[in-house]
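Chemist: Sequence plus predicted model, see below.
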2 protein chains.
Amino acid sequence: MPPFTIAEYRERIERTRQRMEQTGLDALIVADPANMNYLTGYDGWSFYTPQCLVVSLDSDLPLCFVRGMDRNGGLRTSFLPADRVLGYPDQYVQSRDCHPYDWIAADLRERGLGRGRIGTEQDVYYFTPAAQSALERGLPEAAFVDASLLVNWIRAIKSREELRYMEQAARIVERVMQTALETIEPGVRQCDAVAAIYAAQIRGAEDYGGDYPAFVPLLPTGIGTSTPHLTWTDEPFRRGEATILELAGCRHRYHCPMARTLFLGDPPQRLRDTEQVVLEGLQAALDAATPGASAEAVEAAWRSVASRQGVTKESRIGYSVGLNYPPDWGEHTISLRPGDRTELEPNMTLHLILGIWADDWGIEISECFQVTEGGAKPFCRFPRELVVKQ
Amino acid sequence: MPPFTIAEYRERIERTRQRMEQTGLDALIVADPANMNYLTGYDGWSFYTPQCLVVSLDSDLPLCFVRGMDRNGGLRTSFLPADRVLGYPDQYVQSRDCHPYDWIAADLRERGLGRGRIGTEQDVYYFTPAAQSALERGLPEAAFVDASLLVNWIRAIKSREELRYMEQAARIVERVMQTALETIEPGVRQCDAVAAIYAAQIRGAEDYGGDYPAFVPLLPTGIGTSTPHLTWTDEPFRRGEATILELAGCRHRYHCPMARTLFLGDPPQRLRDTEQVVLEGLQAALDAATPGASAEAVEAAWRSVASRQGVTKESRIGYSVGLNYPPDWGEHTISLRPGDRTELEPNMTLHLILGIWADDWGIEISECFQVTEGGAKPFCRFPRELVVKQ
């Protein structure tokens, strides 16, 4: 059974259809697995073969297209009735001669859904140029428009139940980070530390288990801390080196991420100095993240602290976070950076992550928070510092 | 340092350029992270923002384009010199106004690489219609053609070093499967079993650690075994139910997958009967997988056994496997199914997986094997059976 009430899914679908009507879409093809999950509950590691929902103005229930063998997964995990979940034949999978979207297009044509303005998500991970071409070829009477992020923007404001899962994810990531900090020692193999971290992520808490986060544990170490997205090796951690930990807890695909930096031994002064700037700037950004503030104003609060101290950061300092599948727990809507004038609203959830990467060292400290009427409310209760282990 | 010699990477690039010349391509844009890794060693969880290699006939070294903050990751993990690794500015990331491929196209144009026939991988996970459109818009003098799988087909035959990593992955998955079978008991939460499985996957062996497999542990249980790609919950395993385990070991991104089915209690006769058909058919398919045999002939060997016993399976029974990133460890080239006339060659590696899914039950048993002059050689030494725990 899906983790939300059917009423909540139906309301999400209704908001999607309203948005479609406003933007003049007759149908919307939703290929982003997070959006598919959001609208129906569908949850499986099946997005490695093409799959999508088709939301139309004609019906209050989407159609769900998956590979034939995954149809039972659709029936088991979504709230959709059996006649709305369709499996395409296996010969379409990874074939040289045909594409799953050929079959999907033919089915839509037969249902009379092959006309009008059809939106596709043209910049999501699991929807390819070949998929778009197959739809255009198969539905020559339709006009296709890019509807990327239409559903993502609806997802930006979280419901009470969604916030509850993110709070559970927060409890999980607190344990996970604690496990990481306890496990990493000079001489311990990186892979053995990650084994403990992963186990803590999946075990979760006593009364609820953990789901897989959309990123594997990221832990660049030593000179690797000069860049954020390296994974582990089987080399040991070394005294005199830093390790950046970017980890999350995940519950029903909802994430609470957290980044911390650990130093084994006495950290160099530049790391200490940068820590102070990061902590002060992070607090300034949190203080600025009130309803009505713009995304860029939150970044400006950080920038003002940082530039006073001579620290520069070219990249964004945060993004909307919540429901997602690999490879990203970000939602691709709000970015905390100059030029993003999105107005913050209560129950938006963001990951504010201050990562500074120099030529051969770096530091990251973050907070995942909810926008509330009273301002930014961090999900986690966890010391905000450069962690030092002697 | 990358896990292969520079000579091996250079040879892979040369074979790619030869294939490009044969197919009339001046340049090839490689966005599949597995292909990027294969050609240069580049390895990071950075494929959630656009990145690519550009291989051209003009140069024996590709250009590597990544997000600015990931450039140091490119320098740390690939064999490419610093002037071939380029970082695009962060404002292009997940922006409403511009796309990373706008920047990449502008850079290619300046280098004189914006003309001629350019191949793009139009059906890989992390290359979207928006990316393709940005390239077409930015390089109006180029003619774009679909070059999906050009590099994948080169990857189909493994080198000695690649086979060595797959053998190490095999040693890991043997431990992982053993851990799974030992951990799963009635009353144990699914998430706790997966925590143990994940830890075993990442810990690896004494003398080499494990990398993250491209699939999370898949373990549909009970009625969930009617479909292959469900992940875990925090419900307990139950006596009288089956669990399908599809797991892998991974070493330097090279996989050795294995599927087994576990029954807690006395399995029903239909499961026992199907097990016998699966085991006999699996052996028949392995026996047929000799150099010179076609992919479809291997499937026919299974089908002949199965149809004699009244078992039908619509989906393919296997695929080429090796190097990959989430969400798939398959290589998208060879499929063991009717119509695939690919001739097997020594040092191809395949995952032969017999999954049977009925309305409310299922079974999977698999072998990952190398094609050798002497026939199929399984990577693993692990009992091939329906595992029963009382």
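Modeler: Yep, it's here. Small disclaimer: the values here were computed from a predicted structure and weren't measured.

Chemist: where along the stretch 151-300 of chain A do the helices fall?
Modeler: According to DSSP state H, counting those that start in this stretch, the stretch 151-300 of chain A carries its helices in the segments A:160-183, A:190-203, A:269-288, A:295-308.

Chemist: Identify the residues contacting the last one?
Modeler: Defining contact as CB atoms under 8 Å, 6 or more residues apart in numbering or on different chains, one finds that helix A:295-308 is touched by A:277, A:280-282, A:284-285, A:287-289, A:312-313, A:316-318, A:334-342, A:344, A:352, A:354. C-betas here are computed from N, CA, C, even on glycine.

Chemist: and what of the third one?
Modeler: Taking contacts as CB under 8 Å, 6+ apart, the residues outside helix A:269-288 that touch it are A:242, A:261, A:263, A:267, A:297-306, A:309, A:311, A:317-318, A:336, A:352, A:354, A:356, A:361, A:363, A:365-367, A:369, A:375-376, A:378, A:384-386.

Chemist: which parts of that helix are buried?
Modeler: A:271, A:274-275, A:277-279, A:281-286, A:288 (16 or more other CB atoms under 10 Å in any protein chain shown).

Chemist: And the strands in chain A?
Modeler: For chain A, applying DSSP state E gives strands covering A:27-30, A:52-56, A:63-67, A:85-88, A:116-120, A:142-146, A:242-251, A:254-264, A:318-321, A:330-335, A:349-357, A:362-372, A:375-378, A:386-389.

Chemist: Remind me what the third one packs against, helices and strands.
Modeler: Under the contact definition 3 or more CB pairs under 8 Å, 6 or more residues apart in numbering or on different chains; DSSP states H and E, strand A:63-67 sits against strand A:52-56, helix A:71-77, strand A:85-88, helix A:100-110.

Chemist: quick one: average pLDDT of it?
Modeler: On average, the pLDDT along strand A:63-67 is 98.

Chemist: Closest to the mean position in chain A, which residue would that be?
Modeler: Per CA atoms, centre = their mean, the C-alpha nearest to the average position across chain A is that of residue A:329, at 1.8 Å.

Chemist: Quick check: that one vs chain B, distance?
Modeler: Distance, residue A:329 to chain B, by CB to the nearest CB, to the nearest Å: 9 Å.

Chemist: Show the contacting residues for that residue.
Modeler: A:213, A:214, A:215, A:248, A:250, A:255, A:257, A:321, A:322, A:351.

Chemist: quick check, nearest of those residues to chain B?
Modeler: residue A:215 (5.9 Å; CB to the nearest CB).

Chemist: residues near that closest one, how many?
Modeler: Residues lying near residue A:215 (other CB atoms under 10 Å in any protein chain shown) number 22.

Chemist: Pull the contacting residues for it.
Modeler: Per CB under 8 Å, 6+ apart, neighbours of residue A:215: A:246, A:248, A:257, A:326, A:327, A:328, A:329, B:45, B:48.

Chemist: how does it look with 10 Å?
Modeler: A:229, A:231, A:246-248, A:250, A:255, A:257, A:324, A:326-330, B:45, B:48 (CB atoms under 10 Å, 6 or more residues apart in numbering or on different chains).

Chemist: Check those residues against residue B:125 and report the nearest one.
Modeler: residue A:327 (8.7 Å; CB to CB).

Chemist: and that closest one, how far is that from residue B:154?
Modeler: 24 Å (CB to CB, to the nearest Å).

Chemist: again with residue A:356
Modeler: Counting by CB to CB, the gap from residue A:356 to residue B:154 is 40 Å.

Chemist: of the two, who's got more company?
Modeler: Neighbour comparison, residue A:356 and residue B:154: the larger count goes to residue A:356, with 23 against 18 (by other CB under 10 Å).

Chemist: Just the pLDDT for the closest residue in space to residue A:214 that isn't next to it in sequence.
Modeler: What sits nearest to residue A:214 in space, not counting adjacent residues and going by CB to CB, 6 or more residues apart in numbering or on different chains, is residue A:329, at 4.2 Å. Here the pLDDT value assigned to residue A:329 is 98.

Chemist: do the same with residue A:359
Modeler: Note on residue A:359: pLDDT of 87.

Chemist: what mean pLDDT does stretch A:370-384 have?
Modeler: The average pLDDT for stretch A:370-384 rounds to 98.

Chemist: what about it, how long is it end to end?
Modeler: In stretch A:370-384, first residue to last residue: 17 Å (CA to CA, to the nearest Å).

Chemist: Name the residues of that stretch that are buried.
Modeler: If you call a residue buried by 16+ other CB under 10 Å, then stretch A:370-384 has these buried ones: A:370, A:371, A:375, A:376, A:378, A:379, A:380, A:382, A:384.

Chemist: Quick check: phi and psi at the residue lying closest to the third one once chain neighbours are set aside.
Modeler: For residue A:375, ignoring the flanking residues on the chain, the nearest one in space by CB to CB, 6+ apart is residue A:290 at 4.9 Å. Listed backbone geometry of residue A:290 is phi -110, psi 160, with angles given as degrees, to the nearest 10.

Chemist: right, and residue A:290 touches residue A:369 too?
Modeler: No: counting by CB atoms under 10 Å, residue A:290 does not reach residue A:369; the two are 11.4 Å apart.

Chemist: Distance-wise, check residue A:140 relative to residue A:108.
Modeler: 12 Å.

Chemist: These two: which is more packed in?
Modeler: The neighbour comparison of residue A:140 against residue A:108 (other CB under 10 Å) goes to residue A:108, with 24 against 10.

Chemist: Enumerate every residue touching the closest residue to the more buried one other than its chain neighbours.
Modeler: Nearest residue to residue A:108 in three dimensions, chain neighbours excluded: residue A:114, at 5.1 Å (CB to CB, 6+ apart). Going by CB under 10 Å, 6+ apart, residue A:114 touches A:27, A:105, A:106, A:107, A:108, A:135, A:138, A:139, A:140, A:141, A:142.

Chemist: filter these to the buried ones?
Modeler: Here, 16+ other CB under 10 Å leaves A:27, A:105, A:107, A:108, A:135, A:138, A:139, A:142 buried among those.

Chemist: And those residues, which is closest to residue A:194?
Modeler: Nearest to residue A:194 among the buried ones among the contacts of residue A:114 is residue A:135, at 40.1 Å by CB to CB.

Chemist: surely the closest one meets residue A:104?
Modeler: Yes: counting by CB under 10 Å, residue A:135 touches residue A:104, with 7.5 Å between them.
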